[in-house]
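Asks: Okay, sequence plus prediction incoming.
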Amino acid sequence: MAIPAPQPSIAGPAMDRRIEHSAWSLRRWPLGARIGIAAVIIGTACLLLIKLIAGTGERTLRLPLEQISTATVSQGLFRDLIPLNARVVPRETVYVDAIDGGRVDRIYVEAGDLVEAGQPIIALSNTNLALQVIQQESQLNQAISQLQQNEIALEQNHLVNERGLAEIDYKILNLQRAMERRETLAGKGLVSREQRDEIADELAYYRRLKPIQSDSSRRQSELRARLLPAIHDQLQNLRGNLTVVHDKLDSLVVRAPVSGRVTALDLKVGENRAPGDRLAEVTPDSGMKLVADIDEFYLSRVRTGQTATVELNGTPTDLTVRRVSPQVRNGQFQIDLDFGAERPDALVAGAAAQGRLRLGGDTDALLLPNGQFIERTGGDWLFVIAADGQSAQRRQVRLGRRSIEQLEVLDGLAPGDRVITSDYTGLDAVDRIVLTR
């Protein structure tokens, strides 16, 4: 067997061959670029994985179809009516409150009795009040007595000044006559000059005294004219205060402020009532009215003069809004309604009446039947059923006027849309409902 001869080894440049790379090869890119591309690819893959695991992020709930109520949006006539739950109350009620309080001694009437204005209905007693009245009466009497004494003193000073001026005039007149007689007698030598000089000096004295007395009398008259009216006013005020003090005791006998029927009186003999406590209520014979509480949503739309219809004693009755109270309590405000020309007979205070209040005229609009969903959403969103009836999607809408049975659609819905109108409790955080059968 022939053995092939060994081939000689080839060395040198003939052993190396250059490998050419494409211009788009990653090996030809800088290291930073290759790291960035790798990061983008990894991030995209992570996002796709998260989306695949978590789905679309839509909050979904499954509900049986028989548990929901639906309605269809349609074009129609909007009747601007709202429900009215009213009660019959007296047109006027006069409250009787305790002024100073006290112990109930006697009760003269009972609830339901007819009373006349000024008729005693309750008698109270108050020992502390009686002592206060005695003390205040004593102080007022002392003040009145002092003012009366000041008035008497002014009058007496006036009389003294007038009397003094009259006496000076009288003295001057007598001395003038005596002086004339002395002059005549002195001329005949029958009277000494000394006697004549005495009379002349006395006459001069009274003549000088008269202006002084006149000025004093004038000042006293001016003071009297200035002080007497003030004293009279103070006396009148004090006497008025004294009357008020006496009335405090008189107020312990509580009297009916008006003629009418006692509608509330819940007292027991012997119990104590504080000042300001409600003792009774008296209703004048001025008829009845209706009072209704309405949801605050309608506060801006309810006005005086609007009409309503309620059923009383089985008969429809027309009423007119007479007063709208702007105060909101527990999400409601109150209105008063008056009867028209015909007033129902035998109305009883406290009787309930149901009806409708008309807020405006009938107008053409896009309508949705009213439902329980409005209480949870406030008309801002709702669930619209898909065309295949298999699911319902949450949708933002804008609703306008509301009535007993209808809702006015302003935006977000179209005629033919089917909407879930049942209660939305527990659906606040849900975006999509899958309807099952």
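Replies: Perfect, I can see it now. Numbering: from 1, shown residues only.

Asks: Can you list the neighbours in contact with the helix or strand where Leu410 lies?
Replies: Taking DSSP states H and E as the definition, Leu410 sits inside strand 406-411. Here strand 406-411 makes contact (CB atoms under 8 Å, 6 or more residues apart in numbering) with 73, 78-79, 365-370, 374, 379, 397-402. Any C-beta I mention is one placed from the backbone N, CA and C, and that applies to glycine too.

Asks: buried sites along that strand?
Replies: Buried residues in strand 406-411, counted by 16 or more other CB atoms under 10 Å: 406-409.

Asks: Include pLDDT and distance to Asp201 when you put the residues you listed into TSV, please.
Replies: Formatted as TSV, the buried residues of strand 406-411 follow (pLDDT from 0 to 100; distance: CB to CB, whole Å):
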residue	pLDDT	distance to Asp201
Gln406	88	119
Leu407	91	118
Glu408	91	116
Val409	93	121
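
Asks: between these, which is closest to Pro326?
Replies: Nearest to Pro326, judged by CB to CB, of the buried residues of strand 406-411 is Glu408 at 24.5 Å.

Asks: Give me the spatial nearest neighbour of the closest one, chain neighbours excluded.
Replies: By the measure of CB to CB, 6 or more residues apart in numbering, the closest residue to Glu408 outside its immediate chain neighbours is Gly400, 3.8 Å from it.

Asks: would you say that neighbour is within a helix?
Replies: No: per DSSP: H, G, I helix; E, B strand; the rest coil, Gly400 lies outside any helix segment and is strand.

Asks: show me the contacts for it.
Replies: Neighbours of Gly400 in contact, by CB under 8 Å, 6+ apart: 365, 407-410.

Asks: how about 10 Å then?
Replies: 78, 365-366, 379, 407-411 (CB atoms under 10 Å, 6 or more residues apart in numbering).

Asks: List just the nearest of the residues you listed to Ile385.
Replies: Set against Ile385, the nearest of the contacts of Gly400 by CB to CB is Val409 (15.6 Å).

Asks: And Ser74, how far from Leu366?
Replies: From Ser74 across to Leu366, the span is 8 Å (CB to CB, to the nearest Å).

Asks: And the helices in the stretch 151-300 of the chain?
Replies: For the stretch 151-300 of the chain, applying DSSP state H, counting those that start in this stretch gives helices covering 193-250.

Asks: which residues of it score low on pLDDT?
Replies: 186-192 (pLDDT under 70).

Asks: ok, back up a step: quick check: the farthest pair among the buried residues of strand 406-411?
Replies: Spanning the widest gap among the buried residues of strand 406-411 are Gln406 and Val409, at 9.8 Å by CB to CB.

Asks: average pLDDT across stretch 65-85?
Replies: Rounded to a whole number, the mean pLDDT of stretch 65-85 is 90.

Asks: Mind listing the residues bridging to the closest residue in space to Leu81 that isn't next to it in sequence?
Replies: Excluding the flanking residues, the one nearest Leu81 by CB to CB, 6+ apart is Arg356, at 4.5 Å. Assessed by DSSP bridges, Arg356 has beta-bridge partners Pro83, Thr309.

Asks: on that earlier part again, past the strand holding Leu410, which element shows up next along the chain?
Replies: By DSSP H and E, the next helix or strand past strand 406-411 is strand 418-420.

Asks: Please identify which of Ser74 and Leu366 sits among more neighbours.
Replies: Between Ser74 and Leu366, counted using other CB atoms under 10 Å, the more crowded position is Leu366 (20 against 13).

Asks: Tell me which other helices or strands the helix or strand hosting the more buried one touches.
Replies: Per DSSP H and E, Leu366 falls inside strand 363-369. Judged by 3 or more CB pairs under 10 Å, 6 or more residues apart in numbering; DSSP states H and E, the packing partners of strand 363-369 are strand 70-72, strand 74-78, strand 398-402, strand 406-411.

Asks: got a markdown table for the ones you listed, with distance to Glu92 too?
Replies: Shown next, in a markdown table, are those (distance: least, CB to CB, whole Å):
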| stretch | distance to Glu92 |
| --- | --- |
| strand 70-72 | 46 |
| strand 74-78 | 38 |
| strand 398-402 | 34 |
| strand 406-411 | 38 |
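
Asks: before we move on, the earlier item: any common contacting residues for Ser74 and Leu366?
Replies: Here Ser74 and Leu366 have 409, 415, 417 as joint contacts, going by CB under 10 Å, 6+ apart.

Asks: can I assume Gln372 sits in a helix?
Replies: No: per three-state DSSP, Gln372 lies outside any helix segment and is coil.

Asks: picking up where we left off before, just the shared contacts of Ser74 and Leu366 now: which is nearest Gln67?
Replies: Among those, Asp417 lies closest to Gln67 (CB to CB), at 20.4 Å.

Asks: for the closest one, what are its contacts?
Replies: Going by CB under 10 Å, 6+ apart, the list of residues near Asp417 reads 71-74, 366, 368, 382, 384-385, 387, 395, 397, 409.

Asks: distance of Val397 from Gly379?
Replies: Val397 sits at a distance of 7 Å from Gly379 (criterion: CB to CB).

Asks: An error on my part: the question was meant for Val104.
Replies: Val104 sits 55 Å away from Gly379, going by CB to CB.

Asks: what's the answer for Gln176, then?
Replies: 112 Å.

Asks: Check whether Ile428 really touches Gly378, as I assumed.
Replies: Wrong residue type there; residue 428 is Asp, not Ile. No: between Asp428 and Gly378 there is no contact under CB atoms under 10 Å: 11.4 Å.

Asks: Now the common contact residues for the two.
Replies: Common neighbours of Asp428 and Gly378, using CB under 10 Å, 6+ apart, do not exist here.

Asks: Torsion angles phi and psi at the residue nearest the centre of the chain?
Replies: Nearest to the mean C-alpha position of the chain, by CA atoms, centre = their mean, lies Gln327 at 6.1 Å. Note on Gln327: backbone dihedrals following degrees, to the nearest 10 are phi -80, psi 130.

Asks: residues touching the residue lying closest to it once chain neighbours are set aside, list them.
Replies: Leaving aside its sequence neighbours, Gln327 sits nearest to Phe333 (CB to CB, 6+ apart; 6.5 Å). The neighbours of Phe333, taking CB under 10 Å, 6+ apart as the test, are 292-296, 298-299, 302, 324-327.

Asks: same deal with Leu235?
Replies: Counting by CB under 10 Å, 6+ apart, Leu235 touches 143-144, 147-148, 150-151.

Asks: Now, of the residues you listed, which are buried?
Replies: Here, 16+ other CB under 10 Å leaves 143-144, 147, 150-151 buried among the contacts of Leu235.
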